[in-house]
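Asker: based on what follows, work out the 3D shape:
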Amino acid sequence: MASFFLPIDDDEGRSTPTQPQFPAPTRTPSRTVSVDLGRELKKKRLQERRKAAEARRNKRIKDQTEKLRLKHLKVDVIRDLKLHSSPVFAPTPSSPTSRGSAKTTTPTTSDYTSSNMFSSPEAKSPPASRFKKELDSDSFSLTPPLSDPPSPSRSTERALRRRASIDRRLEAGYERAEAIKTLRSLKASEKTQHVKEVCEKIKAAKKVQQFMRRYNAVQAALGSLDLKLVQELFGKKSQPFMGVAMKMRESSMLESAKSVVEALEKVEEGCPPDAQSARAFLSAMLMGLYPEDTLEDDGAKATELVRFLTKRLHAVVVNAPNPITPASLVAVSSTFSAFKFAFKEWQKKDKKEILDELRRSCKETWRVYLSEDEALKRLAEITEQGLTKSSPNPSVKLSHEHGKEGAKRHLIRLRKAFNNMLSDKEEGRKEMSALKAAVVADLDVELIRTGIDEQCGVGLETETKTEVETEATPPPSPSASARDAKNFMTNPKLVHRVMLQPSNKLSEITVDDSLVLETPRFGDDDEEVEIQTMNLEEGIQKQMERAFWDIVTEAISRNDFQGFNSAVDDLKTSVKKLVPSRDDLHRTIEEFTPATDSAPVARSNLLKIGSLLSKLESAVRSQTTTEWVETFASATITPALLIKSLKFLMKKASVCEVDLLNAKLAQIAPFIKAQGGAYERGRFEEAFGGFETGCENAFATKAWSESVEGGVKSKATFKTASVSGLVFSNASLDLPEVYLMDVDFIMRLRRLATVTGVANAIAIHCCGAAKVGVGVLTGEGQNLQNSELQANKDCLTLVLTSERVEEGDVLECALRLARGLLIGGEGEVDEEGLKGRVLEVLKGMDPVGKLIAKRTQSYFLSVVVREGANNGIPVSLRSGLMDVGGVGEVTDEIEEFAVKEADRVGLGLFGKDLSGEALKLRSVVENVWEVFGEVYLKKL
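Answerer: You can find the predicted model right below:
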């Protein structure tokens, strides 16, 4: 790139180009010298060079000034000698001679003095001033005289030339002397005007260089800029908001945005690279197109600024000329830079709320970690001191170890989150320490130790001995499953989920209420996960994991296996936890997996651990591990392959750990289900008073019972009142306390019933507009065009469940659904008629919508009050298997009825979704009546 420098005058009057005042390119310091030391040495050398240059400059000015002074004095002396000793001969004006005459007259001294130019006042002034006056006078003219002047002699010409040369030298010396005098006067009077002028010239040179560098960057960026995808997506509101938001997650759109951002960052100086720039750029475009869906309308200055900048950025990018010009690219870059600053300021509004949430989560996690730690310490004391006849149940220790390990991992994630939010590791450490101190001050250690003693039977030997003396046989001790169930019953939400689970599906329940994890396959961990779509905690954890594995991979390439060994130790610990009582396997793992110092040893250790893990897994889980062993044993060793294999084994070990907990829960779930009713009644009495006194604090339950005609004296009345008076009611009535554990489900069900009612009504109108029967919306019809119908259904659901429902978005989804229902894609859709009916549905004025709402309510009621096939059989004739499920169990017969009834009443589009929710509502209502019906509700 070309450089342009503006000339400035130095102290001697010479013009020198200014040097660029930009910072020198940074260099990576040596490993043995710190960055700070290098900077100090560089700064010191620069100061020394400046001082030496200043000294040389001052000396040069002083020498030149002295030379000028001596030269000026010498010239004056020579001139005086020539004027007085060697008079100049020239023709006098009083005695002119004719042309060609050689006759001359010699002037006298007085004549020369009277005609000498220095004898007049004007002549006493410097030559430069005299010449300037002559040029400025009106008498000066370039027109030659009318008569030719007499030609001077050669001696006269030589004298005139010498005098002119002397005058020029005097003029130059005078100007230099004046410049030096002016500079000295400026320094003496501490005036800075000259310095300011120099600074302005330097700034001007900088501006020129910045302009050229920016211009070249624009030219380089024009070749790589691609706005096609961005312009197509954000050019107009061609898609609903949720559709555009989902489109932004596609890899092609992210790549296009990334290329745009890279070009913008080349143009905009001082714009640091940002990993989230592409996502921020797309967010800016989305905000500019849908400000009402993305920005809060709170009137805050930051929000208004973001709204203004995003709209401007959207207008510039979407309307960019083709081909793009440098001016338009610079405009986009400037706007994007301003947006990034405003967007960061806007995000800071939620920082306090996020920190408060992190502090709350951290306190709870510290409480769990410290509680589990105290419990493990007490278990160790019981084992070492022999406080019980038998050692504590291993499952108790395993449960507390898992709890402590989970809390520890969560604390690590929270520490990383604090460091990221506070931008300072020391601040994050102080925050964590303060929260830990607060928890330690409130922790009841004695209560924790007492609970462990009760679980292990410490202190019960005396009571057992007394009973042996008075009775023939001692009472049976509780089984291991019963004790494990008591541990799980410390979680009220888990107990309630077990209570709602049908008895024939207790084996499907999981600890975290998620689906059973899929068996990992080698290579699945390479899939990229969009961190932007995660919440804050998960995103930070994922970023830190990626950074850690990158560091370990780079270290292995340098033959440094320290980080790899640390990760292998964690893997061995996880495998040991799968068999906590097998000390022989623990010793085998440690003996046959020494510390890794080379790639072959690393492969050998991983193969041994993987082979052991495949034997501990179930038959289904171990297949992928066996496949990995065969592949890894014959593959070429690379750092990336080692890390990939290690991550795979760690993931498999974590899946096995979750499977172990789920298996333990499935084993003791029947015990929890049997004891759950008494457990929930006890918690209810603690919160709202005893049943004998009528639960005086359960005001909402009493008010709801009084609002039901005749009260909730029977099970049928209770079911009907729960469905019609709670789920499908517009009355402003507080939810009864007996439904306290199901508040979230009931509120979600109300929202779902409203959305599905509107969506079903729109789907029926779409069938009419496409001139097809509503049978295509039932189960069989959906199978014929499953993929397209499911996509249109998801689009309509997203639009109706968004925070702000736009009529245009709903109409667009309805038209798309109607076009998808056309048989073979042939025919036309009555768009105008469909739009009118959809608007009526949204306003609540459509008859079909009202009918669907009534049918939805009646459908839920029919599923809830449905009685099982064995309810009519006398109790004396029922087998034990028929009553295994208890009262109100959801059987296969009721599930089949729920699916068929949904299709029958016209809920085909959302029939499967509503059938599942109706069955869960049935379980909730049945459970409340079973727990509180006889002891409380009938007495109201």
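Asker: what stretches of the stretch 151-300 of the chain score poorly on pLDDT?
Answerer: The stretch 151-300 of the chain contains residues with pLDDT under 70 at 151-153, 185-243, 245-249, 262-277, 280, 284-285, 287-300.
Asker: pull the helix or strand with minimum mean pLDDT from the protein.
Answerer: helix 461-470 (a mean of 36; mean pLDDT, DSSP states H and E).
Asker: could you list the low-pLDDT ranges of the stretch 701-850 of the chain?
Answerer: Ranges of the stretch 701-850 of the chain meeting pLDDT under 70: 731-733, 779-787, 823-825.
Asker: could you check which helix or strand contains Ser371?
Answerer: Per DSSP states H and E: Ser371 is located in helix 351-385.
Asker: packing partners for the helix or strand following that helix?
Answerer: Per DSSP H and E, helix 351-385 leads on to helix 394-422 as the next helix or strand towards the C-terminus. When contacts are defined as 3 or more C-beta pairs under 8 Å, 6 or more residues apart in numbering; DSSP states H and E, helix 394-422 sits against helix 351-385, helix 425-442, helix 445-456, helix 480-488, helix 536-557, helix 562-578, helix 639-688. In short, each C-beta sits where N, CA and C put it, glycine included.
Asker: now the ones you listed as TSV including mean pLDDT and mean neighbour count?
Answerer: Shown next, in TSV, are the helices and strands packed on helix 394-422 (pLDDT from 0 to 100; neighbours: other C-beta atoms under 10 Å):
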stretch	mean pLDDT	mean neighbour count
helix 351-385	82	16
helix 425-442	85	14
helix 445-456	77	16
helix 480-488	59	19
helix 536-557	75	15
helix 562-578	86	17
helix 639-688	87	18
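Asker: so can I have a markdown table of those showing distance to Ser724?
Answerer: Listed next are those as a markdown table, based on distance: least, C-beta to C-beta, whole Å:
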| stretch | distance to Ser724 |
| --- | --- |
| helix 351-385 | 38 |
| helix 425-442 | 46 |
| helix 445-456 | 44 |
| helix 480-488 | 36 |
| helix 536-557 | 41 |
| helix 562-578 | 51 |
| helix 639-688 | 24 |
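Asker: what is the helix or strand hosting Ser165 packed up against?
Answerer: Under the criterion of DSSP H and E, Ser165 resides in helix 154-189. Applying 3+ C-beta pairs under 8 Å, 6+ apart, one finds that helix 154-189 contacts helix 35-85, helix 127-136, helix 193-222.
Asker: and that helix, what's buried?
Answerer: Ala159, Arg163, Ile166, Asp167, Leu170, Glu171, Gly173, Tyr174, Arg176, Ile180, Leu183 (16 or more other C-beta atoms under 10 Å).
Asker: any idea how far the closest residue to Lys577 other than its chain neighbours is from Phe684?
Answerer: The shortest distance from Lys577 to any non-neighbouring residue, by C-beta to C-beta, 6 or more residues apart in numbering, is to Glu657 (6.5 Å). Going from Glu657 to Phe684 by C-beta to C-beta, to the nearest Å gives 34 Å.
Asker: so Val495 touches Met489, yeah?
Answerer: Yes: judged on C-beta atoms under 8 Å, Val495 makes contact with Met489 at a distance of 5.4 Å.
Asker: neighbour count for those two, which is higher?
Answerer: Neighbour totals were compared for Val495 and Met489, and Val495 leads with 21 against 17 (other C-beta atoms under 10 Å).
Asker: what's the separation between that one and Arg681?
Answerer: 12 Å.
Asker: Glu426 too?
Answerer: Going from Glu426 to Arg681 by C-beta to C-beta gives 51 Å.
Asker: cool, Val799 as well?
Answerer: Where Arg681 is concerned, Val799 sits at a distance of 44 Å (C-beta to C-beta).
Asker: related to what we said a few turns ago, shared neighbours, Val495 and Met489?
Answerer: Common contacts of Val495 and Met489, defined by C-beta atoms under 8 Å, 6 or more residues apart in numbering, comprise Ile672, Gly676, Tyr679.
Asker: pick the one among those residues closest to Met499.
Answerer: Gly676 (4.4 Å; C-beta to C-beta).
Asker: ok, and the closest non-adjacent residue to that closest one?
Answerer: Leaving out its chain neighbours, the residue that sits closest to Gly676 by C-beta to C-beta, 6+ apart is Met499, at 4.4 Å.
Asker: and the helix or strand hosting that neighbour, C-alpha only, in CSV?
Answerer: Assigning secondary structure by DSSP H and E places Met499 in helix 492-500. Once non-C-alpha atoms are left out, helix 492-500 reads as follows in CSV (Å, rounded to 0.1, in the frame of the first residue of the first chain):
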residue,chain,number,x,y,z
PRO,A,492,-40.5,-34.3,46.2
LYS,A,493,-40.7,-33.7,42.4
LEU,A,494,-39.2,-37.1,41.7
VAL,A,495,-41.7,-38.8,44.1
HIS,A,496,-44.6,-37.0,42.4
ARG,A,497,-43.4,-38.2,38.9
VAL,A,498,-43.3,-41.7,40.2
MET,A,499,-46.8,-41.4,41.5
LEU,A,500,-48.1,-40.2,38.1
